[in-house]
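**Q** give the three-dimensional model of this entry:
(one chain, ligands or ions: 1)
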Amino acid sequence: MTKPTPPEHSPSCASTEESTGLAGWIDQRLPIISGFKAEYIHFRMPKNLNGLWNFGAILTIVLLLMLATGTFLAMHYTPTATDAFLSVEAIDRQLPGGWLLRAMHMVGANLFLAALYVHLFRGLYYGSYKAPREILWLTGLVLLLMVMATAFAGYILPWGQMSYWGADVISKAVGAVPVIGDTLEHVLAGSDHLGDIFVHRFFVLHFILAFLVVGVVGLHVAAVHVTGSNNPLGIEPKTPKDTVPFHPYFTSKDLFGLVLFALIFALLLFFWPGLLIEPDNYAPADPMHTPADIEPEWYFLPFYGMLQSVPSKFGGLVAAAGSLLVLFALPWLDRSPVRSARFRPMCRVGLIGLVGAFVLLGVVGQHHAQGGWMLLGRAALLYYYCYFLVLLPLATRFEKTRPLPTSIAAAQGDA
Ligand code: HEM
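**A** All right, here's what the predicted structure looks like:
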């Protein structure tokens, strides 16, 4: 006799198979096995997802790798201004396999941020921030802020020249906040100079934030499972023909994406470990000697460009912080009923411009917004804000969208 099955296209289509034996005994008391089956084996996904939907799984696995390598690094790291640099050198040169541990953590951080930007762009392009996925989007943004803070705190830890001078730039930017700036700067440093307390504080922050990120990822993924995934067409699945079960279709697809990603990871790790690493940070922090070129890691360069394109320090801080905060308002700024930029010609061009402006701001940051770069930086910054605050609200009213297919299956000629 066949068992009744819930509607196939509903994302939370639960398994009706019951576990027996020990698994059944556990599951009746704590339904982790049936929960896993419902949420990962039988969970229905839109069948038209492209490679950009691999990045959530990639981020999750790299996050686990970062936690594992970070925990072992922490066992050998000394969080004081005098010994931090030497302890990191000892990990690299004396600890068996220490160089590999550290290189994995550093390459991992770079690729994590790269994957995060791709993941965010996917959401922007396909309108995954729109109803009913607003909370999913907001938890993603909280993750973005937490990951950025974790990466910044981590970069302080080797206490090399760039760690020190990067921290100096940021604490001075914080010090420029009117009225409370001095107090904030003092709270950040923990004393009147960047030394032991600062390094120790950022070590604790780095460690704690990394584990908090895992908790927020839990909420984020739970939110994906409530609404189900969006897809390149931006229309909701309507019939069972629009979806396929997560296993084996997306377990194999995610695995394929992970293998490709691991190849890039290995290539950087074993052949170009120096590509993403700032050589100045291989010199110990020296408060008496300012490096010729103070520049953050590539993933912070666009924000550094914003900081420098505005003549006042506080203005720069507001522009850089605002560029992230505006993303929180996005679900309410863009009220168009059409999600995917595939069907939104104005939004699509605007979005290409947005990516261009963001990259340009990074180049401006690299050139310290000097001369003509300052003007370019201001133009790019203006465009960045106009995209969200002017173009999207206008597009909601005036954009002529292309007709949407009636269903995912119909778009694939399988109706
Ligand atoms: C620690 C960082 C993050 C992790 C581990 C993570 C993980 C995931 C996973 C596993 C998924 C489901 C698979 C997928 O759709 O790719 C997902 C979906 C999603 N994430 Fe993230 N995410 C992170 C950060 C972010 C950020 C920064 C944003 C942007 C604000 C974001 C926005 C989204 C959205 C909108 C979806 C649903 C996409 C859709 O269905 O179209 N995530 N995330």
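**Q** what's the separation between the spatially most central residue of the chain and the ligand?
**A** Centroid-nearest residue in the chain: residue 116, 3.1 Å away (criterion: Cα atoms, centre = their mean). Distance, residue 116 to the ligand, by Cβ to the nearest ligand atom, to the nearest Å: 5 Å. (Glycine included, C-beta is placed from N, CA and C.)
**Q** what is the subsequent helix or strand relative to the helix or strand encompassing that residue?
**A** Assigned by DSSP states H and E, residue 116 belongs to helix 98-125. Later in the chain than helix 98-125, the nearest helix or strand by DSSP H and E is helix 134-156.
**Q** tell me what angle that next one forms with helix 98-125.
**A** Angle, helix 134-156 to helix 98-125, by axes from the mean of the first three to the mean of the last three Cα atoms, to 10 degrees: 150 degrees.
**Q** residues of this structure that sit close to the ligand?
**A** Listed as neighbours of the ligand in the chain under the rule Cβ under 6 Å from any ligand atom: 53, 55-57, 59-60, 63, 116, 119-120, 123, 126, 128-129, 133, 136-137, 140-141, 143-144, 147, 213, 217, 220-221, 224, 229-230.
**Q** on that earlier part again, pull the contacting residues for the residue nearest to the centre of the chain.
**A** 59, 144, 147 (Cβ atoms under 8 Å, 6 or more residues apart in numbering).
**Q** now residue 290
**A** With Cβ under 8 Å, 6+ apart, residue 290 has these contacts: residue 165.
**Q** hang on, it is in a helix, isn't it?
**A** No. With DSSP: H, G, I helix; E, B strand; the rest coil as the criterion, residue 290 is coil rather than part of a helix.
**Q** quick one: it and residue 186, what's the gap?
**A** Applying Cβ to Cβ, to the nearest Å, the value for residue 290 to residue 186 is 22 Å.
**Q** state the helix or strand in which the residue in the stretch 301-415 of the chain positioned nearest to the ligand lies.
**A** Relative to the ligand, the nearest point of the stretch 301-415 of the chain is residue 327 (6.6 Å; Cβ to the nearest ligand atom). Under the criterion DSSP H and E, the helix or strand holding residue 327 is helix 313-328.
**Q** that helix: how far from the chain's middle?
**A** 17 Å (Cα atoms, centre = their mean, to the nearest Å).
**Q** dump the C-alpha coordinates for that helix into PDB.
**A** In PDB, the C-alpha atoms belonging to helix 313-328 read as follows (Å, rounded to 0.1, in the frame of the first residue of the first chain):
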ATOM      1  CA  LYS A 313      36.900  62.100   8.600                       C
ATOM      2  CA  PHE A 314      33.500  61.900  10.200                       C
ATOM      3  CA  GLY A 315      31.700  62.400   6.800                       C
ATOM      4  CA  GLY A 316      33.800  59.500   5.400                       C
ATOM      5  CA  LEU A 317      32.800  57.300   8.300                       C
ATOM      6  CA  VAL A 318      29.100  58.100   7.800                       C
ATOM      7  CA  ALA A 319      29.400  57.500   4.100                       C
ATOM      8  CA  ALA A 320      31.100  54.100   4.600                       C
ATOM      9  CA  ALA A 321      28.800  52.900   7.400                       C
ATOM     10  CA  GLY A 322      25.700  54.300   5.500                       C
ATOM     11  CA  SER A 323      26.600  52.200   2.400                       C
ATOM     12  CA  LEU A 324      26.000  49.100   4.500                       C
ATOM     13  CA  LEU A 325      23.000  50.400   6.400                       C
ATOM     14  CA  VAL A 326      21.100  51.300   3.300                       C
ATOM     15  CA  LEU A 327      21.100  47.600   2.400                       C
ATOM     16  CA  PHE A 328      18.900  47.000   5.500                       C
END
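**Q** list the buried ones in that helix?
**A** Using 16 or more other Cβ atoms under 10 Å as the test for burial, helix 313-328 gives 313, 316, 317, 318, 319, 320, 323, 327, 328.
**Q** and for stretch 81-94?
**A** 81, 84, 85, 87, 88, 91, 92.
**Q** can you put these in a markdown table and add pLDDT?
**A** What follows is the buried residues of stretch 81-94, written out as a markdown table (pLDDT from 0 to 100):
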| residue | pLDDT |
| --- | --- |
| 81 | 97 |
| 84 | 98 |
| 85 | 98 |
| 87 | 98 |
| 88 | 97 |
| 91 | 98 |
| 92 | 95 |
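**Q** now intersect those residues with the strands, please.
**A** Among those, no residue falls in strands (DSSP state E).
**Q** so of these, which ones are in helices?
**A** 84, 85, 87, 88, 91, 92 (DSSP state H).
**Q** which residue packs closest to the second one, ignoring adjacent ones?
**A** Nearest in space to residue 85, with sequence neighbours left out and distances taken as Cβ to Cβ, 6 or more residues apart in numbering, is residue 284 at 4.3 Å.
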